[in-house]
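K.L.:
Sequence plus the predicted model coming up.
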Amino acid sequence: MSREETARTLFELIEPLVESRGYELVKLDYAARKFGLVHLVIDHKNGITVDDCEFISWAVSELLDNEDPISHAYSLEVSSPGLERPLTKMSHFMRFKGEKIKISTVEEIDGQKKFAGTLLNTSGNTVTVEKEDGIRYEIPFLKIKKANLWYIKPDKKKV
């Protein structure tokens with residue numbers, strides 16, 4: 001099974017468990033390597049604490065021990081989305097309309113593959129981003145390789 005197939009299988013196995021505990025599985029990364037890694041990014045409407053990560057880690061560890069979908073040694077990591085939260089589902093784009101985001105695409109759109117600006121709108125399966133110069137780009141969701149909220153550190157004012 002390929003790395004992508006294993007990741008998809010893991011996501012399908014783990015997402016219902018995470019959701020049944022009241023959390024959202026935002027992202028799952030899987031790397032086989034010499035010492036494998038399963039990294040989960042979870043979220044909750046009240047935010048994520050270390051205790052939340054530990055709670056989900058124990059539950060997922062038990063599930064993976066019982067189901068045994070990975071035939072080699074691996075580590076399990078569970079974390080919060082952080083300031084530059086990944087946007088992996090269309091619902092994420094709808095939720096964060098008006099926020100600053102960064103997007104990388106799998107192929108060029110209007111001569112570029114990287115976009116940073118304000119998330120203006122979502123329509124059907126398209127995301128509209130307005131760059132700082134006022135130019136708007138309509139990006140098909142299926143062409144998005146990676147997307148994150150874009151944290152811009154506020155200017156410090158001298159008092």
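P.N.:
Cool, got the structure.

K.L.:
just the CA coordinates of stretch 107-121, formatted as CSV?
P.N.:
Taking C-alpha atoms only, stretch 107-121 is exported to CSV below (Å, rounded to 0.1, in the frame of the first residue of the first chain):
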residue,chain,number,x,y,z
GLU,A,107,-0.7,23.8,-10.9
GLU,A,108,-0.4,27.4,-12.0
ILE,A,109,-3.4,29.6,-12.0
ASP,A,110,-2.9,32.9,-13.9
GLY,A,111,0.8,32.2,-14.0
GLN,A,112,1.4,31.5,-10.3
LYS,A,113,1.2,28.7,-7.7
LYS,A,114,1.3,30.7,-4.5
PHE,A,115,-1.3,33.1,-3.3
ALA,A,116,-1.5,35.1,0.0
GLY,A,117,-4.2,37.6,0.8
THR,A,118,-7.7,37.9,2.2
LEU,A,119,-10.2,35.0,1.8
LEU,A,120,-13.2,36.8,0.3
ASN,A,121,-15.6,34.1,-0.6
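
K.L.:
Give me the most central residue, this structure.
P.N.:
Against the mean C-alpha coordinate of the chain, by Cα atoms, centre = their mean, the closest residue is Pro86 at 3.4 Å.

K.L.:
which residues does it contact?
P.N.:
By Cβ atoms under 8 Å, 6 or more residues apart in numbering, Pro86 lies in contact with 26-27, 41, 92, 146-148. Heads up, the C-betas are built off the backbone N, CA and C, glycines and all.

K.L.:
Below-threshold pLDDT in this structure: ranges please.
P.N.:
Applying pLDDT under 70 to the chain flags residues 156-159.

K.L.:
re the thing from before, out of the contacts of Pro86, which comes closest to Leu76?
P.N.:
Distance to Leu76 across these (Cβ to Cβ) is lowest for Val41, with 12.6 Å.

K.L.:
any idea how far that closest one lies from Phe93?
P.N.:
16 Å (Cβ to Cβ, to the nearest Å).

K.L.:
likewise Lys131?
P.N.:
Separation of Lys131 from Phe93 (Cβ to Cβ) stands at 16 Å.

K.L.:
between the two, which one's more packed in?
P.N.:
Just comparing Lys131 and Phe93: by other Cβ atoms under 10 Å the higher neighbour count belongs to Phe93, 24 against 13.
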